[in-house]
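>>> Attaching a predicted model along with its sequence, questions to come.
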Amino acid sequence: MPSWVWVVIALAAVVVLAIVVWQALARRRTGQLQEQFGPEYDRTVGTAESKREAEAELQAREQRRRELEIRPLPSAARYRYLEAWQGVQSQFVDDPSAAVARADELIQSVMSERGYPVEDFEQRAADVSVDHPQVVENYREGHRLAQSTANGSGSTEDLRQAMRRYRALFDELVEPAADHPTARERQSDQPIEDVDTQASEERAER
């Protein structure tokens, strides 16, 4: 057999091996991203032009997150925010729209104190999705409902749902750090206590 044939065979083997390795690495990357982002992976793939583009976006989020210095809340700050949230829930009974706006401000304040940039909503959601992928969609939906109501096309029920959605992220952001199980390990659709019912009960106890 001519020597050039062996060269062609060798080159073909190298190409096949390279393809196999590339596919294995791609599967590994996909698996890691699915494990890291959970439902956020599916959402990003579903809204991107291609799976490759979606995975590149998620990897960029991870890289950006590594460059941020995210820190847990000090205990005093945590209790301060929890008390403030109780006040927001009480306010919802009399002024739902103002309460939702205040809830949004509280979330931004917590994020800022923990080290997340807060200038742009879409960037906030992308940043927080790395650490809180199970509830970031609640944050987006809460924001959408709040905006819809502010534009005059929403309702009090939309505001109530916005508060519930906001609370899902708020609870995770103010959790004590570390060795304790995080809210991410809970079911993302776990019922959240009805805000206006709780607020009414609190007012009755005063």
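Perfect, I can see it now. Numbers count the residues shown, from 1 in each chain.
>>> ok, Trp85 to Pro39 distance?
The gap separating Trp85 from Pro39 is 25 Å, by CB to CB, to the nearest Å. The way it works is simple: take the backbone N, C-alpha and C, and place the C-beta from them, glycine included.
>>> again with Leu68
Look at Leu68 and Pro39: by CB to CB, they are 22 Å apart.
>>> Ile107 now?
Ile107 sits 20 Å away from Pro39, going by CB to CB.
>>> And these two? Which one has more around it.
Neighbour count, other CB atoms under 10 Å: between Ile107 and Pro39, Ile107 has more, with 24 against 15.
>>> contacting residues around that one?
Tyr139, Tyr166, Leu169, Phe170, Leu173 (CB atoms under 8 Å, 6 or more residues apart in numbering).
>>> and what of Gln161?
Glu141, Gly142, Leu145 are the contacts of Gln161 under CB under 8 Å, 6+ apart.
>>> Looking at these, state which has the most neighbours.
Gly142 (26 neighbours).
>>> three-state assignment of the residue lying closest to that residue once chain neighbours are set aside?
Once flanking residues are discounted, Gly142 sits nearest to Arg165: 3.2 Å by CB to CB, 6 or more residues apart in numbering. Three-state assignment for Arg165 (DSSP: H, G, I helix; E, B strand; the rest coil): helix.
>>> I figured Arg165 was touching Leu145, is that so?
Yes: the pair Arg165 and Leu145 qualifies as a contact (CB atoms under 8 Å) at a distance of 7.0 Å.
>>> Give me the neighbour count for Arg140.
In terms of burial, Arg140 registers 18 neighbours under the definition other CB under 10 Å.
>>> In terms of helices and strands, where is it?
Assessed by DSSP states H and E, Arg140 sits inside helix 136-150.
>>> List the buried residues of that helix.
Buried positions in helix 136-150, judged by neighbour count with 16 or more other CB atoms under 10 Å: Val136, Glu137, Asn138, Tyr139, Arg140, Glu141, Gly142, His143, Leu145, Ala146, Thr149.
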